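A.B. asks: Provide a 3D model corresponding to the input given below.
(chains A and B)
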There are 2 protein chains.
Amino acid sequence: MANYRFSVCYDGTRYDGWQHQKNTDQTIQGKLEGILLRFFGEPVDVHGSGRTDAGVHALAQVANFHSPAAAVPPQPEEMEKYINAYLPEDICVFGMELAPPRFHSRLTAAGKTYCYRIWTGEIKPVFMRRYVWWLPEKLDTEAMRKAGELFTGTHDYASFCANPRMKKSTVRTVDRLEIGRQGDMLTIRVHGTGFLHNMVRILVGTLAEVGRGERASQQISEALAVRDRSLAGPTAPACGLCLERVDYDPLFLPPVDLPEKNIG
Amino acid sequence: MANYRFSVCYDGTRYDGWQHQKNTDQTIQGKLEGILLRFFGEPVDVHGSGRTDAGVHALAQVANFHSPAAAVPPQPEEMEKYINAYLPEDICVFGMELAPPRFHSRLTAAGKTYCYRIWTGEIKPVFMRRYVWWLPEKLDTEAMRKAGELFTGTHDYASFCANPRMKKSTVRTVDRLEIGRQGDMLTIRVHGTGFLHNMVRILVGTLAEVGRGERASQQISEALAVRDRSLAGPTAPACGLCLERVDYDPLFLPPVDLPEKNIG
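C.D. replies: Take a look at the predicted model:
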């Protein structure tokens, strides 16, 4: 029984999100588990660092799975090659390696970086259309940066959560929120220890209102102080969002080797 | 009767090329003519600067059409807005303006720039997959640059043409062929006065063989000297090719205004 850790890159356009669901086989986790079932001949659970919603992309989602107890664990390179051979063109895995037994993609994750892209050019972004939110408007980047500062730190983000659950904490920490501009492309990069459902997309929808001059910074402070979804802005479209990176405590990171006796 | 000139940007992935055909309505020209038929109530011919093959993209194809004699010519801005409203997400028009009566996108074109992209990284290019040729190999860029120089100038490119037609000249002039590299992305940018069918893709397929060390420069000189398709390399895939720019003689370029009496 070996613990395989790997990264997954996907174009989320065609998928109903990361997590497998009963009523659809169009999920990233479902595709991976289907291939592992074929390989091992028995079901294997794939754990991702977190769910991404329908239409959201990942540059490097991190996932892991344990090979079945009865199976001879294959070499990581062999495993990676096999999975990639069966994946469709819009998903790929890379960096497959053996991780310490207690490594778990979600439970041991220490932080995540998301990037949201807004294309503000007048001409329809034909080639980037699947990866940006097209807002052909002049956005006040400076006002957005100032408002963005209000979001950093530790706050109760209940107003910025799609479905807050009773009794579950909605307090999170956002370490960094950086707004960059290259020509007509605006990028909002957020790093935090964890995010609520739709949190990044609601932050972006709110910042877009600030950029348009429709919302004052004061209203953001209010939305953070009062736990009320209706005080925050709309949820920005899924297509602009990409999970870029997942951080782990170095304790869980050293790759391990297969015990010699297990190598087939 | 007014002559409308405009640029067209398209992701060619889903299309059977630029030119309308009898057995398919999935062409760029066909989509545009369908919208103009709806607008004017009678057929209108759209002329492109040249055909692009199935799967080939355009950043700025140039096209023109004449409004029907019986119709009051609409303002170019109105025309552009109407067309974009009916185009699918992977095609868009921009820069609509009135051109001199004798302007013709193909007949008056003076030169074209094509760009071909090769992704040489090991990891599958999930987000760029529709716009690059994925060749996860080490290519000798310097050898390719040297070989590329042999292609510039005026030559008989019969060996680099998919279907040379009897009696039609296969002599063309390539002014510039530039090979750039940014990390794992290789770009081959070609400018010439005109190109034969599949010419850029066969040049690229031949240069890729040089990059792999499978073909010596001497064999390129031979292929140029002898008119024989079998002496050149394979045709590179359509998805890596993009028509970037079309040049015109400044004589045909000044935009004109609608005569006042025609404005509705």
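A.B. asks: are we agreed that A:Gly148 is in a helix?
C.D. replies: Yes. The assignment for A:Gly148 is a helix, going by DSSP: H, G, I helix; E, B strand; the rest coil.
A.B. asks: tell me the pLDDT at the closest residue to it other than its chain neighbours?
C.D. replies: Closest residue in space to A:Gly148, ignoring its immediate chain neighbours: A:Leu177 at 4.4 Å, by CB to CB, 6 or more residues apart in numbering or on different chains. Backbone N, C-alpha and C define where each C-beta goes, glycine included. Looking at A:Leu177, its pLDDT reads 97.
A.B. asks: burial measure for A:Leu177, as a count.
C.D. replies: The tally of other residues near A:Leu177 (other CB atoms under 10 Å in any protein chain shown) stands at 22.
A.B. asks: output the lowest mean pLDDT helix or strand found in chain A.
C.D. replies: helix A:217-225 (a mean of 89; mean pLDDT, DSSP states H and E).
A.B. asks: residues contacting it, please?
C.D. replies: In this structure, residues lying in contact with helix A:217-225 by CB atoms under 8 Å, 6 or more residues apart in numbering or on different chains are A:143, A:146-147, A:150-151, A:155-157, A:159-160, A:206, A:210, A:231-232.
A.B. asks: ok, and the most crowded of those residues?
C.D. replies: A:Phe160 leads the contacts of helix A:217-225 on contacts (other CB under 10 Å) with 31 neighbours.
A.B. asks: mind listing what that residue touches?
C.D. replies: Per CB under 8 Å, 6+ apart, neighbours of A:Phe160: A:196, A:198-199, A:202-203, A:206, A:223, A:229, A:232.
A.B. asks: nearest residue to it other than its sequence neighbours?
C.D. replies: Closest residue to A:Phe160 apart from its sequence neighbours, by CB to CB, 6+ apart: A:Ile202 at 4.4 Å.
A.B. asks: ok, that neighbour touching A:Pro237?
C.D. replies: No. Counting by CB atoms under 8 Å, A:Ile202 stays clear of A:Pro237, with 11.9 Å between them.
A.B. asks: please say which of these two ends up with more neighbours.
C.D. replies: Neighbour totals were compared for A:Ile202 and A:Pro237, and A:Ile202 leads with 23 against 18 (other CB under 10 Å).
A.B. asks: tell me the phi and psi of A:Gln26?
C.D. replies: Here is the backbone geometry of A:Gln26 (degrees, to the nearest 10): phi -100, psi 60.
A.B. asks: list the contacts of it.
C.D. replies: Applying CB under 8 Å, 6+ apart, one finds that A:Gln26 lies in contact with A:14-16.
A.B. asks: and these, which are buried?
C.D. replies: Neighbour counting with 16 or more other CB atoms under 10 Å in any protein chain shown marks A:15-16 as buried within the contacts of A:Gln26.
A.B. asks: closest to B:Thr24 out of the contacts of A:Gln26?
C.D. replies: A:Arg14 (23.6 Å; CB to CB).
A.B. asks: relative to A:Glu33, how far out is that closest one?
C.D. replies: Distance from A:Arg14 to A:Glu33, counting by CB to CB, to the nearest Å: 17 Å.
A.B. asks: so what pLDDT did A:Gly41 get?
C.D. replies: For A:Gly41, the model assigns a pLDDT of 96.
A.B. asks: revised request: answer the last question for A:Met185.
C.D. replies: pLDDT, A:Met185: 97.
A.B. asks: which stretches of the stretch 1-150 of chain A form strands?
C.D. replies: A:3-10, A:47-48, A:57-66, A:91-98, A:109-119, A:133-134 (DSSP state E, counting those that start in this stretch).
A.B. asks: up against chain B, what does chain A have?
C.D. replies: A:9-11, A:57, A:84, A:89-92, A:94, A:122-124, A:126-127, A:129, A:131 (CB under 8 Å from any CB of the partner chain).
A.B. asks: ok, now with 7 Å
C.D. replies: A:9-11, A:89-92, A:94, A:123-124, A:126-127, A:129, A:131 (CB under 7 Å from any CB of the partner chain).
A.B. asks: quick check: beta-bridge partners of the residue nearest to A:Gly148?
C.D. replies: Judged by DSSP bridges, the bridge partners of A:Leu177 are A:Val190.
A.B. asks: which residues does it contact?
C.D. replies: A:Leu177 sits next to A:148, A:151-152, A:190 when contact means CB atoms under 7 Å, 6 or more residues apart in numbering or on different chains.
A.B. asks: chain B: which of these is nearest?
C.D. replies: A:Val190 (19.6 Å; CB to the nearest CB).
A.B. asks: following the least confident helix or strand of chain A, which helix or strand comes up?
C.D. replies: Per DSSP states H and E, helix A:217-225 leads on to strand A:241-248 as the next helix or strand towards the C-terminus.
A.B. asks: that following strand: which residues count as buried?
C.D. replies: A:241-246, A:248.
A.B. asks: what is the nearest of those to chain B?
C.D. replies: A:Cys242 (8.7 Å).
A.B. asks: doesn't A:Leu59 make contact with the closest one?
C.D. replies: Yes. Between A:Cys242 and A:Leu59 there is a contact at 5.7 Å, judged by CB atoms under 7 Å.
A.B. asks: is it possible to get JSON lines of the buried residues of strand A:241-248 that adds distance to B:Phe252?
C.D. replies: Shown next, in JSON lines, are these (distance: CB to CB, whole Å):
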{"residue": "A:Leu241", "distance to B:Phe252": "45"}
{"residue": "A:Cys242", "distance to B:Phe252": "43"}
{"residue": "A:Leu243", "distance to B:Phe252": "49"}
{"residue": "A:Glu244", "distance to B:Phe252": "47"}
{"residue": "A:Arg245", "distance to B:Phe252": "51"}
{"residue": "A:Val246", "distance to B:Phe252": "55"}
{"residue": "A:Tyr248", "distance to B:Phe252": "61"}
